[in-house]
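Participant: here's a sequence, model it:
(one chain, ligands or ions: 2)
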Amino acid sequence: MDGKKIFRIGFIGMGTVGQGVWKHLWRDRDIMQRRFGAEYELAKACVRDINKKRDIEITRQQMTGDPYSVVNDPSIDIVCELMGGTDKALELTLAALKQGKVVVSANKAVICKHGAQIFETAQKYGGKYFFEASVAGGIPIIKVLREGLVANRFSLIYGILNGTCNYILTRMERENAPYEAIVEDARRLGYVEADESLDLDGWDAAHKISILAYLAHGVWANPEKDMLVSGIRGVKLEDMHWASENDARIKLVAAARRTGNSLFVSVYPALLPMADVVANVNDVYNAVALSGDVVGRTVHIGRGAGQDATASAVIADIADAIKSLAVSAPCSLSVAKDSNLHLASLEEVSGEFYLRMEVKDEAGVLAQVASLLAGENISIELLQQKKHGVEGRVWLLLTTHECTEASINRACKKLEDSEIIFGKPFVLRIFKGL
Ligand code: NAP
Ligand code: HSE
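Facilitator: Residues are numbered from 1 along each chain as shown. Ligands and ions are numbered 1, 2, ... in the order given. Model (predicted):
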């Protein structure tokens, strides 16, 4: 490869993912370079603390504490943004793109929040932005949507996009162990993000499904304003038992469902029938199921997080980046928006629901629950009363016939405000997949 250009790669962030990428690009450089069809050099890595011990072969001269010494170095062709966060990551990404550089990122939070600005900047300044690792770790789902399934319109994209929640739910079910005990284990194993709410309250999965919904439909759904987002904190063993008695499994399901011209993007714990492949994807694994009008149904399963799975996706982007630089190809992110499409309101979306509530063990309570639901035009399908450990209380578990998201929300609020129930009703959606 003598005389040819050597592509120089800079890193901002050398933590879990950064070190995984560096490790593989360094250790397997001969085979990687043959596969990429070009030579590369691991030029520089920016970190917060340059004195921290790293588990990779990196010299002191290759490290810096100044991200601009990576971004503004004219000899660096590819900037890997593997630092996380939104504000600083955005600033550095835009600075690199404005110089026409290639940025490779695993940062779903910054893409979900600022994707429109990032893509516009890349286009305006001739920069390129690759982000395969931002969704579903090792599953190349972004390439699948943008390239492999480009012929399709998607009526439904759904799946498991948060490995930590899947790990917790899997262990709760397998070991009949309460949420609190397993979350504690997940923390100990380093699975739960430093900001726990990202995983446990569904925001991380919301960022990821928002990115997939954008790629499929050209519409940005803001998790806080346009999506229904709830996490797994309320899931109890009573729900797990109900699920297994009813041939179902509880998963944190992220979905983008198009009905006519309406698109509903959501993340919530749901009951999935065991016959659904996604219900059988366990531990830290992710799954994405797609229904395309040309291809039909496809399901993609793989590791959604962790050093090597994520590094695999980042390295795939680096390979694409090198190829695109070698032939001076423009960035191929062209997303078509259907001008008739709008984001659905909760009045437009309907489904069947499972409700669990802790109620007084008194005459007339069941009748009041039924009447309150009927007031919102909600009809009960199944109803079960179960023993509660506390005297004078019982668990009431029920499922509904089809009703709207808005009516179930109103009914839950009325139940919460009533005298008959302790705390809030806990809701699971009964998910109808492919
Ligand atoms: P991490 O282990 O916390 O590493 C972050 C790295 O960024 C560290 O090296 C840190 O430096 C550096 N850094 C942070 N702020 C900085 C700043 N202001 N200036 C310079 N350096 C800074 O995070 P990670 O798990 O590798 O995740 C990186 C990105 O990948 C995130 O966007 C994350 O959401 C995404 N991602 C992670 C996974 C996963 O499994 N971990 C999977 C998919 C996507 P120090 O080392 O000195 O602290
Ligand atoms: N916290 C994320 C998860 C990391 O558990 O899936 C990967 O994006």
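Participant: when you work out contacts or count neighbours from here on, use the C-alpha atoms and nothing else.
Facilitator: Noted.
Participant: wait, what's in contact with the residue nearest in space to the middle of the chain?
Facilitator: For the chain, Ala205 is the residue whose C-alpha lies nearest the centre (C-alpha atoms, centre = their mean; 2.8 Å). Contacts for Ala205 were tallied using C-alpha atoms under 8 Å, 6 or more residues apart in numbering; they are Ile160, Leu161, Asn162, Leu198, Asp199, Ala254, Val267.
Participant: the second one reaches Lys251, doesn't it?
Facilitator: No: because the distance of 10.2 Å does not satisfy C-alpha atoms under 8 Å, Leu161 is recorded as not touching Lys251.
Participant: more neighbours, those two?
Facilitator: Per other C-alpha atoms under 10 Å, whichever of Leu161 and Lys251 has more neighbours is Leu161, with 32 against 28.
Participant: for that one, what are its contacts?
Facilitator: Here Leu161 is in contact with Val135, Ala136, Ala205, Lys208, Ile209, Val253, Ala254, Asn286, Ala287, Val288, Gly304 (C-alpha under 8 Å, 6+ apart).
Participant: close to ligand 2: what parts of the chain are there?
Facilitator: By C-alpha under 6 Å from any ligand atom, the residues of the chain that approach ligand 2 are Asn162, Gly163, Thr164, Glu193, Asp199, Gly304, Ala305.
Participant: let's see that with 8 Å instead.
Facilitator: Applying C-alpha under 8 Å from any ligand atom, one finds that the chain approaches ligand 2 through 108, 134-137, 161-166, 191-193, 198-199, 204-205, 284, 286, 304-306, 310.
Participant: re the thing from before, in helices only, show me the contacts of Ala205.
Facilitator: Using DSSP state H, the members of these that fall in helices are Leu198, Asp199.
Participant: closest one of the contacts of Ala205 to ligand 2?
Facilitator: Nearest to ligand 2 among the contacts of Ala205 is Asn162, at 3.5 Å by C-alpha to the nearest ligand atom.
Participant: for the nearest residue to Leu343 once chain neighbours are set aside, helix, strand, or coil?
Facilitator: Of all residues not flanking Leu343 in the chain, Leu263 sits nearest, at 4.8 Å (C-alpha to C-alpha, 6 or more residues apart in numbering). Secondary structure, DSSP: H, G, I helix; E, B strand; the rest coil: Leu263 is strand.
Participant: show me what Leu263 is bridged to.
Facilitator: As for beta bridges, Leu263 partners with Arg258, Leu343 under DSSP bridges.
Participant: quick check, it in contact with Leu228.
Facilitator: No: counting by C-alpha under 8 Å, Leu228 is not a contact partner of Leu263; they are 11.9 Å apart.
Participant: more neighbours, the two?
Facilitator: The neighbour comparison of Leu263 against Leu228 (other C-alpha under 10 Å) goes to Leu263, with 25 against 19.
Participant: can you report how many residues neighbour the closest residue to Leu372 other than its chain neighbours?
Facilitator: In this structure, Leu372 finds its nearest non-sequential neighbour in Ala411, 6.8 Å apart by C-alpha to C-alpha, 6+ apart. Ala411 has 21 neighbours, counted by other C-alpha under 10 Å.
Participant: low-confidence regions, the stretch 301-434 of the chain specifically.
Facilitator: By pLDDT under 70, the weakly predicted segments of the stretch 301-434 of the chain are 328-333.
Participant: mind listing the helices in it by residue range?
Facilitator: Per DSSP state H, counting those that start in this stretch, the stretch 301-434 of the chain has helices spanning 307-326, 365-374, 405-417. These are given in chain order.
Participant: the nearest residue to Ile318 once chain neighbours are set aside: which element?
Facilitator: Take Ile318 and drop its neighbours on the chain: the residue closest to it by C-alpha to C-alpha, 6+ apart is Val104, 6.9 Å away. Val104 is part of strand 102-105, with elements assigned from DSSP states H and E.
Participant: after that strand comes which helix or strand?
Facilitator: That would be, after strand 102-105 and using DSSP H and E, helix 108-125.
Participant: so which elements touch the very next helix or strand once past that following helix?
Facilitator: The first helix or strand that comes after helix 108-125 along the chain, using DSSP H and E, is strand 128-130. Here strand 128-130 touches strand 102-105, helix 108-125, helix 307-326, going by 3 or more C-alpha pairs under 8 Å, 6 or more residues apart in numbering; DSSP states H and E.
Participant: strand 128-130 - what's its average pLDDT?
Facilitator: Strand 128-130 shows an average pLDDT of 97 in the prediction.
Participant: hmm, who's touching that strand?
Facilitator: Outside strand 128-130, the residues within contact range by C-alpha under 8 Å, 6+ apart are 97, 100-105, 118-119, 122, 317, 321, 330-331.
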